[in-house]
Structure formats: C-alpha cells, structure tokens
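Student: here are the coordinates; sequence isn't available:
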C-alpha cells in the first residue's frame, strides 16, 4: 500500500516539476525512498547508491516536508489496516491525531485516500453499496424430483409477534424446482433439527420418494434433513455421482428463489388455524394456471398439480427423477430422532 502511494505521489512530482529530466528523476526517487520504512540515513544511502550522486539529509527532509510524504505514508498505513475499507477521511484524520500525534488536513486525507483505493471513500461506505445486481436467468430442470427447495418462514414466529412465549407461527415448506409445492406445514419451531427431520420424512412418506438434490440456505435445523437425504440417496440411488449430483446444496436465501418467493402470501393466524389455510393455499397454488412466458424453459401456462405435470411429465419434456423410498426405511430413520414426531409437531 505504501509503495503504491509512493508511486502515485512520485509520478505527480515528476510531471509537475519544471526542471531538467535528471533533476525530475532525482526528485522522483527521493520521494519513493522517503515512503519506505528505512531510517532517514538508510534511505539517503539507498538514494545515493542508485543515483551515484550525494544527497544531504537536509535536502531529504525538505523534500519530505514539501511533498507531505510522512503524512501520506501515515494515511496509507492507516488505510491498509482497515480491512473492510469502512473508515472515512474524518476517522483517518482522527486516528492520525490521537494515535500518532500527526495533524493532517481533511482535504489532503481525502485526496490521498482517493488515490489509494481508486475511488472516493464515500462511494465505498455509502448505504446500500453492492457489487451489482444478481444475474437473472430462466430456471431449468431435466425433470420432476430433480431438485427440491426447502426453507423455513419465521416472519410470524414468536420473536416477530412478541406476544408472549409460545405464541407464534413458524412454517416450513418444500417446493419442487419445476414449481409444485410438495409440502408445507406449520411447526412450533422451524429452528429445531428434530422437528425439520420429521417434516422431511413426512414429505418422503407422502410421495414415497426423494429428489436427486435438496437445496436450502443453511442453518442448524438442517442436521437431520441433510443426513436423511444423503443416506436415502446413497442407499436407493448409489449410481448417482455426488460430484456431479450432490445430495444437498446450501445456498444464499437470495438464490433459493422457488421456495423463498412463496413466503409473502401468508396471513397472521395461529398455528392450528394456519394449517387449514396452508392446505387450502397448497391446493389453490398447485391448481392455478400460470401465465404464459415465452422465455421460460420450464412448463408455463399450465397448473403444476399432480394430475398435470407430475403425472405426465413426459408430455412437457420432463423426466421423472424421483428416487423411490419404502416406508420401512422412513420409519427406521425416524426412530433415530430423539424427539417423537407427535411432540416435535404438536
């Protein structure tokens, strides 16, 4: 960082000085050596060795003062210690004054920081700064049960409602990548691994199959879910390569779109009542005819219900990738969970 600053300051000096080319080169190297960490005498010796010309300590001190090299080096050192580049000119100025007892004008601090980071400090620290919008594209799938998206909804949970202990509605849902909502249930706590383990096995029990891959956004509640998905796939689909087709994939919430896009549709209801609404919503959603999208790769202008896309995927250019799982295997895995299902989902 200091070397970069030395080059920036030195280049400015090189072009601003109206002197001979040799004298300009001399000034360029003096400033460069003034920015390194050697002692004054050491830098003087280095300079003389390179230019084969004597330079007095007084001359070096005058150049340091004239081009404010110590101040620039101080700013470069403070900025280099700020890993996240979140400190502004005022903070850098204050740090230099309090810790190093060096008073530097704010304009000089800002100009130096601009040269170091390549853009204004305010651009780095402004609220909402981001690297750029996420790239959008059409969803694609080979067939049904290729990928299931799982996620929990806690916007009406106990912490959100703040109406007392145990008062809240947590929801956990699973949606096929093609579009069908496979499972959605109200749970006491969507952050418990035992609870989500039972929810996953309930879904497997209903369809008698698992998907090739389960995608979620990570969390402590996914211990049993990921373990069950991996075990069942290794048992009933050993031919699938985990390198090419991983059993579980953790992504950011902003990428787990198929399930995340459904959470804004729910009402503020109690746990027992909301389950009725969830069942109605699932039935409505799976029978709702989607609008036609010419750029969409997956089926459009058709309801994703079981008797349409899921019963006849071949009519829509899809395959059935479901991995069959017997009920006995589901029961055996459920016995591994410490919390009984009746208690976990009460």
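Tutor: Great, that's in hand. Fair warning: this is a prediction, and the values are worked out from it, not measured in the lab. Numbers count the residues shown, from 1 in each chain.
Student: where does pLDDT dip in the stretch 101-250 of the chain?
Tutor: 117-134, 155-168 (pLDDT under 70).
Student: ok, which stretches of it are helices?
Tutor: Using DSSP state H, counting those that start in this stretch, the helices of the stretch 101-250 of the chain run over 106-117, 121-125, 158-161, 193-207, 223-236.
Student: single out the most deeply packed of those helices.
Tutor: Among those, the stretch with the highest mean neighbour count (mean count of other Cβ atoms under 10 Å) is helix 193-207, at a mean of 22. The C-beta positions use only the backbone N, C-alpha and C, and glycine is treated the same way.
Student: that one to helix 223-236, inter-axis angle?
Tutor: With axes from the mean of the first three to the mean of the last three Cα atoms, to 10 degrees as the basis, helix 193-207 and helix 223-236 are set at 40 degrees to each other.
Student: now tabulate the helices of the stretch 101-250 of the chain in a markdown table and tack on distance to residue 292.
Tutor: Output for these, formatted as a markdown table (distance: least, Cβ to Cβ, whole Å):
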| stretch | distance to residue 292 |
| --- | --- |
| helix 106-117 | 48 |
| helix 121-125 | 42 |
| helix 158-161 | 37 |
| helix 193-207 | 28 |
| helix 223-236 | 34 |
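Student: quick one: closest of the ones you listed to residue 280.
Tutor: helix 193-207 (17.3 Å; Cβ to Cβ).
Student: elements contacting the closest one?
Tutor: strand 169-176, strand 181-187, helix 223-236, helix 327-334, helix 341-344 (3 or more Cβ pairs under 8 Å, 6 or more residues apart in numbering; DSSP states H and E).
Student: coming back round to it: ok, which of the helices of the stretch 101-250 of the chain comes nearest residue 183?
Tutor: Evaluated with Cβ to Cβ, the helices of the stretch 101-250 of the chain place helix 193-207 nearest to residue 183, the distance being 4.0 Å.
Student: how many other residues sit next to residue 217?
Tutor: 18 (other Cβ atoms under 10 Å).
Student: neighbours around residue 338, how many?
Tutor: Neighbour count for residue 338, taken as other Cβ under 10 Å: 10.
Student: do residue 208 as well
Tutor: Count around residue 208 with other Cβ under 10 Å applied: 13.
Student: quick one: it from residue 87, how far?
Tutor: According to Cβ to Cβ, to the nearest Å, residue 208 stands 58 Å off from residue 87.
Student: just checking, residue 240 touches residue 210?
Tutor: No - counting by Cβ atoms under 8 Å, residue 240 does not reach residue 210; the two are 11.3 Å apart.
Student: look up phi and psi at residue 91.
Tutor: Phi and psi for residue 91, reported as degrees, to the nearest 10, are phi -70, psi -40.
Student: what about it, how many neighbours?
Tutor: 15.
Student: please apply the same query to residue 147.
Tutor: Using other Cβ under 10 Å: residue 147 sits among 22 other residues.
Student: which strand residues bridge it?
Tutor: residue 213 (DSSP bridges).
Student: wait, it sits on residue 141?
Tutor: Yes - under the criterion of Cβ under 8 Å, residue 147 makes contact with residue 141 at 6.7 Å.
Student: and the protein, what are its domains?
Tutor: 2-125, 143-344 (automatic domain parsing).
Student: what residues of stretch 182-192 count as buried?
Tutor: Going by neighbour count (16 or more other Cβ atoms under 10 Å), the buried part of stretch 182-192 is 182, 183, 184, 185, 186, 187, 188, 189, 190, 192.
Student: and what of stretch 283-291?
Tutor: Buried, per 16+ other Cβ under 10 Å, within stretch 283-291: 285, 286.
Student: now residue 258: how far from residue 135?
Tutor: To residue 135, residue 258 is 17 Å away according to Cβ to Cβ.
Student: which of those two has more neighbours?
Tutor: Between residue 258 and residue 135, residue 258 has the larger neighbour count (other Cβ under 10 Å), namely 21 against 5.
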